[in-house]
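Engineer: sequence below, structure please.
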Amino acid sequence: MGHMTAATSGVILTGGNTVFNEASADKDFRVESDGNTHQLFVDAGNNRLGIGTSTPISSVDIEDGLTTVGAVLTLSTKEPTVVDGDVLGRLNFRAPLETGADALLLLASIHAEADATFDATTNNTELVFSTAAGDAAAERLRIASDGKVGIGTAGPSSSVEIQDGLTTTGAVLTLSTKEPTVVDEDVIGQINFRAPLETGADALLLLASISAVANEAFDADQNQTELVLSTASGAAAAERVRVTHDGDVQVAGLTASEIVITDGNKGLVSAAVGTYPSLAELIHVKGVTGAIQTQLNTKEQVGKKTMWVPAAAMYPNTTAGCSALTQVELSNGPELKVLDFAAAADDFAQFTVAFPKSWNEGTITFQPYWTVTGTNTGTVVWGMRAVACADNATQNVTFGNIALTAAKAHSGTSNDINVSAESAALTIKAAAVDTLTYFEIFNDTSASGQSGVARLTGVKILYTTDAVNDA
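Structural biologist: Residues are numbered from 1 along each chain as shown. Sure, this is the predicted structure:
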């Protein structure tokens with residue numbers, strides 16, 4: 001043993017090694033400080049070391065009740081110039097008495113690491129947790145200097161980021177239940193969203209959640225589950241969307257057996273079947289070829305239709321009538337069948353039409369096709385009126401109101417065809433289904449400026465249907 005000198009300030013040991021209790025007797029060792037009788041205490045019988053305690057409960061037990069932070073173990077570096085990546089302190093875990101190369105490696109560690117070069121204003125640090133799997137311990141989790149947690153990554157981009165590229169599934173976060181007997185509606189796992197630092201009762205409620213829910217009692221052959229998305233609106237989060245075990249998507253608030261459409265906010269809502277095609281109607285259209293537009297393109301549709309009435313189907317009025325049907329031979333192939341209307345007086349002609357049942361009995365329009373055997377470029381205005389006569393009713397009736405075309409000028413080339421613009425709407429007097437309609441057409445010379453005879457080739461009637469056939 002070295003030389004021991006007593007002094008009023010304490011005991012000083014000098015010389016070589018100093019051994020206490022070399023005989024391994026059950027003799028405790030205690031060092032007293034100014035404020036603690038067991039600042040350092042060796043519990044010989046239990047092979048434990050206590051710092052600040054006379055009853056250590058583990059291999060090393062540190063107790064400190066002098067401050068609100070409790071006991072503190074400080075690991076410091078002696079490096080005077082700390083740079084990015086320097087380790088400030090580390091706790092290592094080993095099994096040094098094991099056999100085998102891998103068992104003797106560093107098995108786990110927790111260390112603090114500098115995240116930048118330190119200076120008067122910079123002390124960014126990160127905490128790194130490492131574990132071993134067949135080789136020396138490698139980093140598994142890092143708490144970055146900005147508080148973000150990275151699992152499998154040293155540079156987390158969000159509050160928590162998990163990276164795992166060992167399989168094609170990528171990173172996996174598993175939420176499991178400890179319930180040994182899962183029944184219908186048991187929650188298997190849930191992710192909650194809250195704002196716990198807000199003020200007001202509603203703001204502190206569960207604001208949203210995503211949960212996996214059992215759809216039946218589990219057994220060896222049953223594990224049906226559903227995914228539930230919930231959001232809040234003035235109360236705790238309530239279910240809004242559910243993905244069922246068979247892949248159906250159910251939206252809370254929708255009505256069964258109705259058409260689902262999007263509203264002004266692009267939300268899914270129910271609409272009355274009476275307003276939209278029924279499922280049976282949609283299936284019928286789809287079942288023909290599977291392409292609705294193809295079907296529409298090849299089938300009769302309601303809407304505007306045309307009917308051609310040639311001059312050959314017309315006849316002059318007995319009073320103030322146009323000329324009789326005239327055939328005009330041109331120098332080439334076509335020969336014209338025309339009714340001549342004088343330039344100096346209103347001449348009239350008539351024809352009849354039996355409209356199809358699909359006609360909506362509404363107003364019609366007309367377009368005269370005409371020519372002039374001459375070069376005068378004056379205009380022609382055509383007028384027409386009509387009346388319908390029903391079965392077993394008199395035909396001795398008066399015509400309805402007149403509708404006119406806009407003035408159309410002749411091209412100036414003899415026998416050129418002229419197509420007047422579509423007329424104003426013409427109301428057929430007494431229009432009805434299964435009636436015979438009489439039309440009277442004439443040239444309105446008071447509004448025209450053509451000096452030659454207007455030769456009418458025919459007229460196109462434009463009408464609207466409200467049914468696809470005449471059944």
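
Engineer: help me confirm that A44 comes into contact with A23.
Structural biologist: No: assessed by CB atoms under 8 Å, A44 is found out of contact with A23, at 10.9 Å. Backbone N, C-alpha and C define where each C-beta goes, glycine included.

Engineer: going by how many neighbours each has, rank these two and give me the top one.
Structural biologist: Legend: neighbour count by other CB atoms under 10 Å for A44 and A23, higher for A44 (15 against 6).

Engineer: which residues touch the more buried one?
Structural biologist: Going by CB atoms under 8 Å, 6 or more residues apart in numbering, A44 touches 21, 25-29.

Engineer: ditto for T68
Structural biologist: Contacts of T68 were listed using CB under 8 Å, 6+ apart, and none were found.

Engineer: just to be sure, A312 is in a strand?
Structural biologist: No: assigned with DSSP: H, G, I helix; E, B strand; the rest coil, A312 falls outside any strand and is helix.

Engineer: quick revisit: let's have the contacts of A44 in JSON lines, adding secondary structure and distance to K178.
Structural biologist: Output for those, formatted as JSON lines (DSSP: H, G, I helix; E, B strand; the rest coil; distance: CB to CB, whole Å):
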{"residue": "N21", "secondary structure": "coil", "distance to K178": "49"}
{"residue": "A25", "secondary structure": "coil", "distance to K178": "49"}
{"residue": "D26", "secondary structure": "coil", "distance to K178": "45"}
{"residue": "K27", "secondary structure": "coil", "distance to K178": "48"}
{"residue": "D28", "secondary structure": "coil", "distance to K178": "44"}
{"residue": "F29", "secondary structure": "strand", "distance to K178": "46"}
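
Engineer: kindly check the end-to-end length of stretch 194-207 for me.
Structural biologist: 5 Å (CA to CA, to the nearest Å).

Engineer: contacts only, for N215.
Structural biologist: Residues in contact with N215 (CB under 8 Å, 6+ apart) are 184, 224-226, 244-245.

Engineer: on that earlier part again, so which of the contacts of A44 is the most crowded?
Structural biologist: Sorting the contacts of A44 by how many neighbours each has (other CB under 10 Å) puts D28 first, at 14 neighbours.

Engineer: so who does it touch?
Structural biologist: 41-45.

Engineer: just the buried ones from the residues you listed?
Structural biologist: By neighbour count, with 16 or more other CB atoms under 10 Å, the contacts of D28 hold 41-43 as buried.

Engineer: from those residues, pick the one nearest L106.
Structural biologist: Using CB to CB, V42 comes nearest to L106 of the buried ones among the contacts of D28, at 27.9 Å.

Engineer: which residues does that closest one contact?
Structural biologist: Applying CB under 8 Å, 6+ apart, we find V42 in contact with 28-30, 48-50.

Engineer: and the furthest pair within these?
Structural biologist: For the contacts of V42, and using CB to CB, no pair is farther apart than R30 and R48, which are 12.8 Å apart.

Engineer: quick one: which of these two has more around it?
Structural biologist: Neighbour comparison, R30 and R48: the larger count goes to R48, with 17 against 13 (by other CB under 10 Å).

Engineer: ok, the more buried one touching S58?
Structural biologist: Yes: taking contacts as CB under 8 Å, R48 lies within contact range of S58: 6.7 Å.

Engineer: could you list the domains of this structure?
Structural biologist: 3-62, 87-162, 187-252, 256-297, 304-464 (automatic domain parsing).

Engineer: at the geometric centre of this protein, which residue do we find?
Structural biologist: K266 (8.3 Å; CA atoms, centre = their mean).

Engineer: may I ask which helix or strand encompasses it?
Structural biologist: Assessed by DSSP states H and E, K266 sits outside every helix and strand.

Engineer: what does V128 give?
Structural biologist: Using DSSP H and E, the element containing V128 is strand 125-131.

Engineer: who touches that strand?
Structural biologist: 88, 106-115, 137-145.

Engineer: now that strand: how far from the chain's centre is it?
Structural biologist: The chain centroid and the centroid of strand 125-131 are separated by 40 Å, computed with CA atoms, centre = their mean, to the nearest Å.

Engineer: could you do stretch 398-416 as well?
Structural biologist: How far stretch 398-416 lies from its chain's middle: 56 Å, per CA atoms, centre = their mean.

Engineer: likewise stretch 182-189?
Structural biologist: Its chain's average C-alpha position is 29 Å from that of stretch 182-189, according to CA atoms, centre = their mean.

Engineer: adjacent strands (with direction) for the strand holding V128?
Structural biologist: strand 108-114 (antiparallel), strand 138-143 (antiparallel) (DSSP bridges).

Engineer: for this structure, which element, helix or strand, carries the lowest mean pLDDT?
Structural biologist: Lowest mean confidence among the helices and strands of the chain (mean pLDDT, DSSP states H and E): strand 3-7, at a mean of 56.

Engineer: so who does P356 touch?
Structural biologist: 465, 470.

Engineer: could you do V160 as well?
Structural biologist: 148-151.

Engineer: distance to S451 and secondary structure added to these, as CSV?
Structural biologist: Supplementary listing: the contacts of V160 in CSV, determined by distance: CB to CB, whole Å; DSSP: H, G, I helix; E, B strand; the rest coil:
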residue, distance to S451, secondary structure
K148, 93, coil
V149, 96, strand
G150, 95, strand
I151, 97, strand
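
Engineer: and the nearest residue to L141 once chain neighbours are set aside, how far from T262?
Structural biologist: Leaving out its chain neighbours, the residue that sits closest to L141 by CB to CB, 6 or more residues apart in numbering is F129, at 4.3 Å. F129 sits at a distance of 48 Å from T262 (criterion: CB to CB, to the nearest Å).

Engineer: what's the pLDDT at K178?
Structural biologist: K178 is assigned 93 on the pLDDT scale.

Engineer: what pairs with the strand ranked longest in the chain, parallel or antiparallel?
Structural biologist: Assignment by DSSP state E gives strand 454-464 as the longest strand of the chain. Partner strands and pairing direction for strand 454-464 (DSSP bridges) are strand 304-310 (antiparallel), strand 335-341 (antiparallel), strand 365-371 (antiparallel).
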